[in-house]
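> show me how the following folds:
(2 chains)
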Amino acid sequence: MILYLGRRLIGVAGILLAICAITFTIFYLLPNDPAAAACGKTCSPDRLAEVKAAMGLDKPIWEQFAAYLTGIVAGRDYGSGPTAAHCGFPCLGYSYEYSLPVWDLLVDRLPVSISLAIGAAVLWLVLGLGAGVTSALRKGRPADKILMVLSVGTASLPVYFTSIMLIWGIVRSAGLLPYPAYHKFTDNPFEWGSNLLLPWIALALLYAAQYARQSRNSMIEAMAEPYIRTARAKGLPSRTVTVKHGLRSGMTPILTIFGMDLGGLLAGAVITESIFGLPGIGRLFYDGLLRSDQPVILGVTLLAAFFIVVANLLVDVLYAFVDPRVRY
Amino acid sequence: MSTTSTEPAAAPVAAAGPAKPSGRGPWRLVWDQLWAKGSARFGLIMVVLLLLLAVLAGPLSALGGWSPEEFDKRSIDAYLGGAPKGDFGGISVRHWFGVEPITGRDLFARVLHGGQVSLLIAFVATAVVVIAGTLAGIAAGYFGGRVDSLLSRLMDLTMSFPSLIFMIAMMSVAKDVNRILLMTLVIGLFGWPGIARVVRGQTLSLKHREYVEAAKVGGARSWRILTREILPNVSGPIIAYTTLLIPGMIATEAALSYLGVGVRPPTASWGQMIAESIVFYETDPTYFLIPTVFLFLAVLAFTLLGDALRDILDPRGGRS
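You can find the predicted model right below:
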C-alpha cells in the first residue's frame, strides 16, 4: 500500500509538472500580450519594455518557466523599485489586475467553490443513487420508466437554462428564496445553505442522471448474483440486502465518475457561478479571461488540474475500502 | 474469414432475439432492435429531422423569406425598446418563429443556421475524437509494450486536464483565426482518451483470438490485421460511443459560445443565440426558448439514440 502510494504520488507530481509545462507553453505561443494589456492603451515602447521586464516577460521561455517553478516552491519577487511586489510560497504568479499574488486570490475564492461543489455533490448523489436504486428494484415497471425519462431529460437541459428558470420561478415569481449570495458557513449555516440551494439544484440536476443510470445498471447486475440470493435466504432484512450487498458491489464505477466530477467542479463551475453571481474560482477565472489576466488563468488551470489528479488518486485508494477484492 | 469477423457483433444480437429469422445481416438486426424501442425510435426520428433542418437551412429559410443576417425594422417596436411587435416574440406568417428584439432578424432562419454551425462543430469534433481515439486505442492494445505505456500515459495526462477551463482559456486567447475550425480542434483535443480506452480494452481481448493468429500465420502484415481483423470487430462499441459523444460535443459548443468564447456574432449557433437572448428571458421568453428547445432536443435525441445503440452493440459497456 505504502509502496503503491509512493509510486502514485510520483506519478501525480509528474502529471502536474507536465500540465504546468504544456499550459505555460501554449500561453507563451498564443498571440496575446499581457504586458500590453497591463500597460494600457496609451503605452510608449519604453514603458512597455519596463512593464515586460517587471513581469519577467522579456526572458526566454525556459527561464520564465524555471522562475515560475521555483516560485511555487520558494516564492519570488516581481519588479523592482516602487512597483516591486513579493509573492510568498506557494507563488502561482502575481496578478497585476488585482495587485495581489494569485495564490491569495485563489485562497480567498476557494471556500465559495468548495461549498458549491460539495453541496451539489451531496444532492446529486442522493438524487442519482436514489433514482437508480429505485428504478433497479422496480425494473420495467412505470416508476422505473418515469425515473429514467426524467433523468435523461434533466441531464439534456443546459445548466444556464435550469439556472435561469430556478431564478425566475423561485426567486422572482414565488419569492421563496433570496437571490443567491455567498454567506460564510461559520457565520450563519442556515443563510449559507439557503443561499446556495438553487445553484446546488441546478448543478445536481445536470450530474444526477449518469449516477442514476450507472447505479441502476450496477444494481440490476448485482441483484441477480447468487450472493444476494444467499443473503435473502439467510433471512436478512431486504434493506440490508439492497444496501450492504447490492449497492456496495456496484460502487466502484460510481466512485470513478464521482472522483472526476467532484475534482473538476472543486476548481469552479464557470457557468453556474457566473449566472448566480457567486464569487468563486470559476468567476475569478472568467473575470481573468475578460481582462486577459494571464497569471490568474494559469493559476486556476493548475489548481483545477491539481484537484482532478488528487481526486483520482483518492478514488483509487478508496477502492480498497469499498471493494475488499482490491489489494495494492 | 468474413463470416468469423462479424461474429462478435452478431453474437449479442442473436442472444437477445433467438426467434429472429437468420440470414439477415448484423446491421439489419441492430436496426430492427433499435426500431422496436420507443425511446430509440424517438431519438432516431428527432436526429434525422434536426439533421435535415440543419442541412437544408438555406433553402428552408429562403422559403420563410428571410436570411439569417437580414434586419427587419418593421417587425420591432422602436417605442418599446425594440421589442418584437405582436405576441409570442412576434410569431406571425411573416416570421414563423418570431424575431430578435432590437434587430428584427428572423429567428426561424437564425435557429436553422445556428443549428448548422452547432451540429457541424459537434460532428467534426466527434470525428476528430473518434479517429484519434480509435488509432491510439488500437495501437496501444495491439502493439502493447512501449507503445502501450506511452499512449496510456498520454491518455492519463489528457484526462487530468481540466478540459472545460482549458478550452475556455485557449479559445479566449486565440483571436484572429477561423473560430469554427479552432473550436472543433480544441474540443476534439480533450475527448479522445475516453474512446481510446474502450478500443484498447477491446483490442486486448481480440488480439489473441484464433482468427487473428490465423491471419498472422497466413503472413498478413500488421496493417492488414489491424484494418481487416481487429477494426471490424471493435466497430460496434465505436459506433455506440460515437453516438454518445455527440450530445456532449453539442453541449460543449453551446457552453463555449454561451460564455462568449465560441463562435462570434453575426454567425449564429444555438449557444450563442441563448447567450444573446438570456437577458430577454422575462420580456421576450419566446426568443430565449426557441434556441433552448432546439439545443435540448438535439442533446436529448442523440443521448437516447446513443444509449439504445450502446445497449444493443455493447451490452456490457454501461456496466463495466
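
> do you know the pLDDT at the closest residue to A:Met223 other than its chain neighbours?
Excluding its sequence neighbours, the residue lying closest to A:Met223 (C-beta to C-beta, 6 or more residues apart in numbering or on different chains) is A:Gly246, at 5.3 Å. No exception for glycine: its C-beta is placed from N, CA and C like everyone else's. Listed pLDDT for A:Gly246 reads 80.

> quick one: A:Gly246 is in a helix?
Yes: under DSSP: H, G, I helix; E, B strand; the rest coil, A:Gly246 sits within a helix.

> quick one, phi/psi of B:Lys37?
Per-residue torsions, B:Lys37: phi -100, psi 120 (degrees, to the nearest 10).

> where's the closest residue in space to it that isn't next to it in sequence, which helix or strand?
Distances taken as C-beta to C-beta, 6+ apart place B:Ala308 nearest to B:Lys37, at 5.4 Å, with adjacent residues excluded. Using DSSP states H and E, B:Ala308 maps to helix B:285-313.

> okay, strands next: where are they in the stretch 151-300 of chain A?
Counting by DSSP state E, counting those that start in this stretch, the stretch 151-300 of chain A has no strands to list.

> and residue 104, helix, strand or coil?
Here I'm looking at chain A. Assignment for A:Asp104 (three-state DSSP): helix.

> that was the other one, I meant chain B.
Assignment for B:Gly104 (three-state DSSP): coil.

> and the nearest residue to it once chain neighbours are set aside, how many residues sit next to it?
Take B:Gly104 and drop its neighbours on the chain: the residue closest to it by C-beta to C-beta, 6+ apart is B:Asp72, 3.8 Å away. Burial of B:Asp72, expressed as a neighbour count using other C-beta atoms under 10 Å in any protein chain shown, amounts to 18.

> so where is chain B shaky, pLDDT-wise?
B:1-24, B:90, B:175-176, B:314-320 (pLDDT under 70).

> which residue does it bring closest to chain A?
Nearest residue of chain B to chain A (C-beta to the nearest C-beta) works out as B:Pro162 at 3.3 Å.

> how about that residue, what does it touch?
Contact analysis of B:Pro162 by C-beta atoms under 8 Å, 6 or more residues apart in numbering or on different chains lists A:264, A:267, A:301, A:304-305, A:307-308.

> for the stretch 51-200 of chain A, which residues are neighbours of chain B?
Residues of the stretch 51-200 of chain A found near chain B (C-beta under 8 Å from any C-beta of the partner chain) are A:149, A:152-153, A:155-158, A:160-161, A:164, A:168, A:172.

> quick one: those as JSON lines, columns for distance to B:Pro285 and pLDDT too.
Output for those, formatted as JSON lines (distance: C-beta to C-beta, whole Å; pLDDT from 0 to 100):
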{"residue": "A:Val149", "distance to B:Pro285": "25", "pLDDT": "86"}
{"residue": "A:Val152", "distance to B:Pro285": "24", "pLDDT": "87"}
{"residue": "A:Gly153", "distance to B:Pro285": "20", "pLDDT": "89"}
{"residue": "A:Ala155", "distance to B:Pro285": "23", "pLDDT": "86"}
{"residue": "A:Ser156", "distance to B:Pro285": "20", "pLDDT": "89"}
{"residue": "A:Leu157", "distance to B:Pro285": "16", "pLDDT": "88"}
{"residue": "A:Pro158", "distance to B:Pro285": "16", "pLDDT": "87"}
{"residue": "A:Tyr160", "distance to B:Pro285": "15", "pLDDT": "87"}
{"residue": "A:Phe161", "distance to B:Pro285": "12", "pLDDT": "88"}
{"residue": "A:Ile164", "distance to B:Pro285": "10", "pLDDT": "87"}
{"residue": "A:Trp168", "distance to B:Pro285": "9", "pLDDT": "86"}
{"residue": "A:Arg172", "distance to B:Pro285": "13", "pLDDT": "79"}
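
> separate out the buried members of the residues you listed.
A:152-153, A:155-158, A:160-161, A:164 (16 or more other C-beta atoms under 10 Å in any protein chain shown).

> tell me the one among those nearest to A:Met260.
A:Ala155 (15.9 Å; C-beta to C-beta).

> centroid residue for chain A?
A:Leu265 (1.9 Å; C-alpha atoms, centre = their mean).

> show me where the stretch 101-250 of chain A has helices.
A:102-137, A:142-156, A:159-166, A:189-223, A:226-233, A:238-240, A:248-249 (DSSP state H, counting those that start in this stretch).

> ugh, wrong one, the stretch 201-320 of chain B
So, for the stretch 201-320 of chain B - with DSSP H, counting those that start in this stretch - the helices run B:210-217, B:222-224, B:231-258, B:270-277, B:285-313.

> report the two of the buried ones among the residues of the stretch 51-200 of chain A next to chain B separated the most.
A:Val152 and A:Ile164, at 20.9 Å, using C-beta to C-beta across those.

> please pull out the lowest mean pLDDT helix or strand from chain A.
Lowest on mean pLDDT, DSSP states H and E among the helices and strands of chain A sits helix A:34-39, with a mean of 66.

> next SSE after it?
helix A:45-55.

> returning to that earlier point: ok, the contacts of B:Pro162 vs chain B, which is closest?
Nearest member of these to chain B, counting by C-beta to the nearest C-beta, is A:Ala304, at 3.3 Å.

> relative to helix A:102-137, how tilted is the helix or strand where that closest one lies?
Here A:Ala304 is covered by helix A:294-322, with elements defined by DSSP H and E. Orientation check (axes from the mean of the first three to the mean of the last three C-alpha atoms, to 10 degrees): helix A:294-322 against helix A:102-137 gives 40 degrees.

> okay then, goodbye and thanks.
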